[in-house]
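> Sequence and predicted model, in that order:
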Amino acid sequence: MYKDFKVDGHIHTFECGHAYNTITEMAKAGKENGMELICWTEHGPGLPNGSTFSFFNNMRVIPPEIEGVRVLKGMEANILPNGKLDLYKNLRNKMEVVSASLHNATFPPQSKEENTEAVISALQNPYVDYVCHLGNPRYPIDYETVIKEAKKNNKIIEINNGSFYIRKGSKDNCINIAELCKKHDVPVIVGTDAHWSGAVGRFPYARKALEIAEFPEELIMNTDPQKLLNYLEAKGKPLGQYREDEAVDIFDDFDNEEEANA
């Protein structure tokens, strides 16, 4: 029904403590599965073994393209009970992409009202681009209220392929979320939530849910990397940052010297 997906909106590496590959391996696998862009949204520091300030701050040493795949470097921040995120204050303007999620270790399931308010707080955070795996049945949520808030704040909603087999009972919720996003004209991004390389760029369950919901292709961010890049650029995200670029023009005659010594 849809064009081939070329973007994976949600992957992890062994850095998070419970995944099993390097970013190079994840990018290579993504390339093999037709990906042109992957979102490396590593878990925030609130989770056990979560990444440190230094890790996220130093992501600039990773080039914007690995194995022929564009890599957006960011964080899957944890939504906290106080309505805030474990997103380091001094890194808020440095992340190329930020998603936010409810995880048991940082936000044990609460009442439907409390869960909903927590997600709304994340959607109101200007640094958040999309919220993830809302279909998790452990967290009752008023989906229509959340989707309306996403529309109001120009946010994206993730349909998480991993939820269909990791968070059992998510299927009907994910279809419902897709239907509400269609109703309120809210874009979605599909993420594998891959924690090993073989899963990158494989979305069979999420695609099926979107087909059942008869979701419009133009609202799916995965069909063209430029859709997501345009969205993030419009928000002022620092796309394409690379530490080595800071060396440009340090030696004004560097290129000329190389030519002379050739």
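Cool, the structure landed. Numbers count the residues shown, from 1 in each chain.

> Helices along the stretch 151-262 of the chain, start to end?
Listed in chain order, the helices of the stretch 151-262 of the chain (DSSP state H, counting those that start in this stretch) span residues 163-166, 171-183, 204-212, 225-234, 254-260.

> Let me have the ones you listed in TSV, extended by mean neighbour count, distance to Phe5 and mean pLDDT.
Placement of C-beta: from N, CA and C, glycine included. Conversion of the helices of the stretch 151-262 of the chain to TSV gives the following (neighbours: other CB atoms under 10 Å; distance: least, CB to CB, whole Å; pLDDT from 0 to 100):
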stretch	mean neighbour count	distance to Phe5	mean pLDDT
helix 163-166	17	16	96
helix 171-183	20	15	98
helix 204-212	19	7	98
helix 225-234	17	10	98
helix 254-260	9	40	52
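
> With distance to Gly44 as extra columns, can I get those in a markdown table?
Formatted as a markdown table, the entries for the helices of the stretch 151-262 of the chain read as follows, by distance: least, CB to CB, whole Å:
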| stretch | distance to Gly44 |
| --- | --- |
| helix 163-166 | 19 |
| helix 171-183 | 23 |
| helix 204-212 | 23 |
| helix 225-234 | 19 |
| helix 254-260 | 39 |
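
> which stretch among the ones you listed comes nearest Arg60?
Using CB to CB as the criterion, the shortest distance between Arg60 and those is 16.4 Å, found for helix 225-234.

> Let me see the residues that make contact with that closest one.
Judged by CB atoms under 8 Å, 6 or more residues apart in numbering, the contacts made with helix 225-234 from elsewhere in the structure are 6-7, 9, 36-37, 39, 70, 72, 96-97, 129, 156, 187, 189, 221, 239.

> Using PDB, list the CA coordinates for it.
Output of helix 225-234 as PDB, limited to C-alpha atoms (Å, rounded to 0.1, in the frame of the first residue of the first chain):
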ATOM      1  CA  PRO A 225      14.000  11.400   4.800                       C
ATOM      2  CA  GLN A 226      13.500  14.900   3.800                       C
ATOM      3  CA  LYS A 227      10.100  15.000   5.500                       C
ATOM      4  CA  LEU A 228      11.800  14.500   8.900                       C
ATOM      5  CA  LEU A 229      14.800  16.700   8.100                       C
ATOM      6  CA  ASN A 230      12.500  19.600   7.000                       C
ATOM      7  CA  TYR A 231      10.500  19.200  10.200                       C
ATOM      8  CA  LEU A 232      13.600  19.300  12.400                       C
ATOM      9  CA  GLU A 233      15.300  22.100  10.500                       C
ATOM     10  CA  ALA A 234      12.100  24.200  10.900                       C
END
